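[1] just coords:
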């Protein structure tokens, strides 16, 4: 438990990465696959990622991210994509798995399929579902990365239209976050963590 709490409490948004150290592709894949155990409604998993590692592509991505140097210095940048059509595209694979594993009897499949898809027919509901679950996934990636000795920085500062054009992302999909990932620069030090609200300032127990 202590190790888990340490990974969570020591996670920081790193702005200075070591540009000389590379994270192997296999490690990034491991982190993403482990993190895909993040929760999602009906296990639809409405997320996709594009990992930008190529040096020239990172330079292009830096421009799209308004010149943030960490984009170029980080070993990679993970572009998280919320698929607003995932309910329709993933439901059959999910239900087939549930039947194979004994979660549901085969005769319940059609009724459950309709119930799941009902929540994805409304575009605003689908958008909320896709973004929410993709955010769960991204947060899990950040914690898992710490277990591998890596640092991250989640970015909202980017031109989404240009990013979609650059990476050929479908217009109906949403990019809620770009995550820089790599090793902290060894000669630079973090300032103390900025103020965090106490429970009494953001919550209540009733």
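    Now that the structure is in, tell me what you want to look at. Source: prediction; values computed, not measured.
[2] what's the local residue count around residue 205?
    A count of neighbours around residue 205, defined by other CB atoms under 10 Å, yields 4. Yep, even glycine has a C-beta here, placed from its N, CA and C like the rest.
[3] now it: which helix or strand?
    Assigned by DSSP states H and E, residue 205 belongs to no helix or strand.
[4] residue 51 too?
    strand 47-52.
[5] what lies in contact with that strand?
    For strand 47-52, the external contacting residues (CB atoms under 8 Å, 6 or more residues apart in numbering) are 28, 32, 36, 40, 58, 61, 76-83, 86, 130, 133-134, 137, 167, 169, 173.
[6] can you select the buried ones among those for me in PyMOL?
    Per 16 or more other CB atoms under 10 Å, the buried members of the contacts of strand 47-52 correspond to this PyMOL selection:
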select buried, resi 28+32+40+58+61+76+77+78+79+80+81+82+83+86+130+133+134+137+167+169+173
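[7] pLDDT of stretch 121-130, averaged?
    For stretch 121-130, mean pLDDT rounds to 97.
[8] my bad, stretch 178-191
    95.
[9] other residues contacting that stretch?
    So stretch 178-191 is in contact with 12, 14, 16-19, 21, 23, 28, 31, 61, 65, 70-71, 73-80, 138, 141-142, 145, 149-155, 158, 163, going by CB under 8 Å, 6+ apart.
[10] and after the lengthiest strand in the chain, which helix or strand comes next?
    Looking across the chain with DSSP state E, the single longest strand is strand 174-182. Moving toward the C-terminus from strand 174-182, the next helix or strand (DSSP H and E) is helix 199-202.
[11] any idea of the mean pLDDT for that next one?
    Here the average pLDDT along helix 199-202 is 97.
[12] count of residues packed around residue 191?
    6.
[13] please tell me how far it sits from residue 14.
    12 Å (CB to CB, to the nearest Å).
[14] how about residue 68?
    As judged by CB to CB, residue 68 and residue 14 stand 12 Å apart.
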